[in-house]
Every structure is written in C-alpha cells, then in structure tokens.
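just a sequence and a predicted model for now, questions to come.
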Amino acid sequence: MSWLPEPFRIASFRAFWLARLTATIAQMAMVIVIGWQVYDIARHTMDPKSAALRLGIIGLVQFAPLFFLTLVTGWTADRVDRRWIARASVFLELLCAVALALFAWTHTTTLEVLYVVAALLGVARAFAGPALGALAPNLVPREILPNAIALSSIAWQSGAIVGPALGGYLYAWAPVAPYAGSTLLFAVSLAALFTIPKVAAAKLARAPNPWNQMIEGLRYVRQNRLVLGAISLDLFAVLLGGATAMLPVYARDILHAGPAGLGHLRAAPAIGATLTAAFFAIRPLKTEVGLKMLIAVGIFGGATVVFGLSRSMPLSLACLTLLGAADMFSVYVRQSLIQLYTPDEMRGRVGAVSSLFISASNELGEAESGFLAALIGPVAAVVAGGIGAIIVVGIWARRFPELRLARTFEPPDLPGAPQQQNAR
C-alpha cells in the first residue's frame, strides 16, 4: 500500500473515511429530498415567496439543536469515547431515514413530519461534528494531519456530490427510494465505525464544576484571535452568501430543471470542493495560508452574485462549482488551523464551538436566505448575500490582521516550527 496517501495506510483512518463518505452520501440524499418536499408541498397552496419561507424554517429547526447543545456536545466529546458518540449519532440518523421511508411508503409525509425529522437530524449532527472532528487527529500522526484533513474533506465533498444527485434521481423514480437508500448507507457507516479500535487520546480531567469545563472551549476560541478570525469569517461569509437554501426555488421556478436538475445544482459546489480537496491531499498548502483564505472567501462571494443573476443552467453550474472550490479552500485552512492550534484535550469543546459557527453559517444561513427571499425575492436575496460576503472579507482583513499575517499552519511556539510574523 505504499502507493496510497500516507493517512490511507492506517486502517483506522480508512474505516473513518469510509464511515464519513457513506454517512455523507446518505445525509445529502435525505437533505436534498427534504428540501424539495418542503417546497413542493408548500407550493401547492402558497406563492413562491411564502414557500421559500418554509425552506427557511427547515434551516432554523436544524440549527436550533446545535445552538442549545453546543456546550454539552463539546464537553461530551472530551469525556466520552468519541467512537461511541459517532456511532450513536449515525444510528439516530439511520432511524430518521427509516421513519421518512415509512411515511413516504404510506403517502403520509407532511410539513410537520419533515420539520421534526430535520430537528432530529440536527441533534445527530450536533453530537457527531465535535466527536468526529476530534477523533480524526487521534488516528494519524501530527505531521500528516493536514493531508488527513484534506482526505476527510474529500470524503465529505464526494458524498455531497453523489448524495444530491442520488437523492434527486431516486426521488424521481419513487419517493420512498432515497430514504431506503440512505438507510442502507447509514448501516454501512455504522459498521465501519465499529471497526475502529480504541485509540489513545488525551482525556479531560474530572472536576467538580463541569460547567467551567464546558465554557473553556468558548474561552479558548475567544482568546485565540487567529482561530476566532478564521471561524467567524466563515460564519458571516456563508451566512450572508449561502445560495444553497434557494436551490429548490431556482430548480423549480427559475431554471425549470425539476428534481433531477436540483440534484445537479446541489452537487455542483461539491464537485469544485472535491477537486480542491484532492489537490490539497497531494500538495498541502504551506505558505501565506491566511491571505489565501481571505482571497478564497472573496471569490466565494463573487461566484454567489453571478449565480444569483444567472438564467442559464451551464453558467449556474459553473458558478456553483467555483463557489464550492473557494469554500473548500477556506474550510481546509480553517480546519487545519483549528486542529493544529488546539490541544487534544480541548479539541472536542473547540470543535463544538466551530460546529456551532459552521451550522450557523449553513442552517441559520438557510433560514436567513428563506426569510430574506420572502421579503425581497429569491434572486435579490442571493445577490445581496454574495455582495455581503465580499464586504465581510474586507472587514475581517482589517479586524483580524492575524489572518492576513498567518504564514503557515504551525503555531510559532512549537519546537522547529517556522516563525510567523506577529500582527501589530
């Protein structure tokens, strides 16, 4: 296996990668169909703006569990075997897929059912995010962690390519099919997680006040301005510039592409992201990481604006692909900084804070897009969001000079690490 990338030579990481790939395919297939069903059910009795508002509610109900559970999930990831947290989370997702399959089979799916299941999926993701993020560094040596992060991103992004297309095609064939397929994929993911043996990991010391331990993650992020700047940049840029919430609207009423076209639109960002992650898996980024991250987020905003104005399917797909590539560039830098700057005994709690920011930018961004679209229309909402993301880059470049001046991923106080220029 000497021809494989170094992380893939480790059996535990291969199982982790397979689990993440299959779970992501299942998640994305479910999410794309849930979004389509919500909008389609709402459009039977509502105009496009009101139906877009219902899409926004889906994002809100997925974000709420993460918001309320962040401190608990991070603390749990530092106190409980991370493998078991991931296994329990995937099992909950499997149960959600089974439930939606049964509702689809009996033709009893309602908006209320979709909202409840979306909330349960939010709970599962709230626990899975910190646990999986903190588990990955325990499976590979530190020196190849950036490669492992890129490969892990490939698993997620590959799933995000296959999942939406699979969900769209299966739903066009039979409404029950995408949920049945997701059930099988979650089962494979769960089996792969059970093959990962116990790994050595730093443990959180017992203390009489667990609450103090929970808020240590928030305190660490607040005090580490480089980590705070990287996380918050992603939060506000994607919160404003996220166009994915409006994809059902574009597929149904603007590009007239139907559920199969929605699958293509939803997969396009992941194609760009996967290509970017594959490049970094072979040639990890080493220099001027902060400045390049800022540029990537600016490109993300610009691609969002052009997509919002497009009425051509090929142009829309190209914009979404570029948007995904730029977002992956930002994700790669952010995740590498967080993992390498954070002590292992705090990775769960810091990862939970990061997951909260990421979910705020994704699910809460979907809610923001839906609510804004209800006020000014879907196209105006997407274009305004892209412009907002570009403005955020300029503000963060000045507000967090640590980002502009970050040269490498290695903290400057590590022995033998390249020294970075200090922000003034």
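Perfect, I can see it now.

and the helices in the stretch 301-424 of the chain?
313-341, 347-359, 365-376, 378-399, 401-405 (DSSP state H, counting those that start in this stretch).

and the last one, what does it pack onto?
Going back to what we said before, that points to helix 401-405. helix 225-241, helix 289-309, helix 378-399 (3 or more Cβ pairs under 8 Å, 6 or more residues apart in numbering; DSSP states H and E). In short, each C-beta sits where N, CA and C put it, glycine included.

6 Å instead?
Contact partners of helix 401-405 among helices and strands, from 3 or more Cβ pairs under 6 Å, 6 or more residues apart in numbering; DSSP states H and E: helix 225-241, helix 289-309.

tally of neighbours for the closest residue to residue 92 other than its chain neighbours?
In space, and not counting its chain neighbours, residue 92 is closest to residue 124: 4.3 Å by Cβ to Cβ, 6 or more residues apart in numbering. Burial of residue 124 is recorded as 22 neighbouring residues (other Cβ atoms under 10 Å).

return the per-residue confidence for residue 124.
Looking at residue 124, its pLDDT reads 91.

hmm, it is touching residue 89, no?
Yes: using Cβ atoms under 6 Å, residue 124 is in contact with residue 89, at 4.5 Å.

about what we covered before: just say which of the helices of the stretch 301-424 of the chain is most tucked in.
helix 347-359 (a mean of 27; mean count of other Cβ atoms under 10 Å).

let me have the helices of the stretch 301-424 of the chain in TSV, adding distance to residue 59 and mean pLDDT as columns.
Output for the helices of the stretch 301-424 of the chain, formatted as TSV (distance: least, Cβ to Cβ, whole Å; pLDDT from 0 to 100):
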stretch	distance to residue 59	mean pLDDT
helix 313-341	17	84
helix 347-359	9	64
helix 365-376	3	72
helix 378-399	13	88
helix 401-405	27	80
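
so where's the stretch 1-150 of the chain shaky on pLDDT?
1-5, 70-71 (pLDDT under 70).

repeat for the stretch 151-300 of the chain
Short version for the stretch 151-300 of the chain, where the test is pLDDT under 70: 157, 200-218, 241-242.

could you export stretch 110-124 as PDB, CA atoms only?
Taking C-alpha atoms only, stretch 110-124 is exported to PDB below (Å, rounded to 0.1, in the frame of the first residue of the first chain):
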ATOM      1  CA  THR A 110     -46.400  16.300   5.900                       C
ATOM      2  CA  LEU A 111     -44.500  19.500   6.600                       C
ATOM      3  CA  GLU A 112     -44.700  18.800  10.300                       C
ATOM      4  CA  VAL A 113     -43.100  15.400   9.800                       C
ATOM      5  CA  LEU A 114     -40.300  16.900   7.800                       C
ATOM      6  CA  TYR A 115     -39.700  19.600  10.400                       C
ATOM      7  CA  VAL A 116     -39.500  17.000  13.300                       C
ATOM      8  CA  VAL A 117     -37.100  14.800  11.400                       C
ATOM      9  CA  ALA A 118     -34.900  17.800  10.400                       C
ATOM     10  CA  ALA A 119     -34.700  18.700  14.000                       C
ATOM     11  CA  LEU A 120     -33.600  15.200  15.000                       C
ATOM     12  CA  LEU A 121     -31.000  15.200  12.200                       C
ATOM     13  CA  GLY A 122     -29.800  18.500  13.800                       C
ATOM     14  CA  VAL A 123     -29.400  16.700  17.100                       C
ATOM     15  CA  ALA A 124     -27.400  13.900  15.500                       C
END
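
contacting residues around it?
Stretch 110-124 has contacts (Cβ atoms under 6 Å, 6 or more residues apart in numbering) with 34, 37-38, 41, 58, 61-62, 65-66, 89, 92-93, 96, 100, 103.

how about stretch 228-248?
35-36, 39, 55, 221, 265-266, 297, 301, 304, 307, 330, 334, 337, 354, 357, 360-361, 365-366, 369-370, 378, 382, 385-386, 388-389, 392, 396, 400, 402-403.

one step back: buried sites along the helix or strand containing the residue nearest to residue 92?
Element membership for residue 124, per DSSP states H and E: helix 111-139. Neighbour counts using 16 or more other Cβ atoms under 10 Å place 113-115, 117-139 of helix 111-139 among the buried residues.
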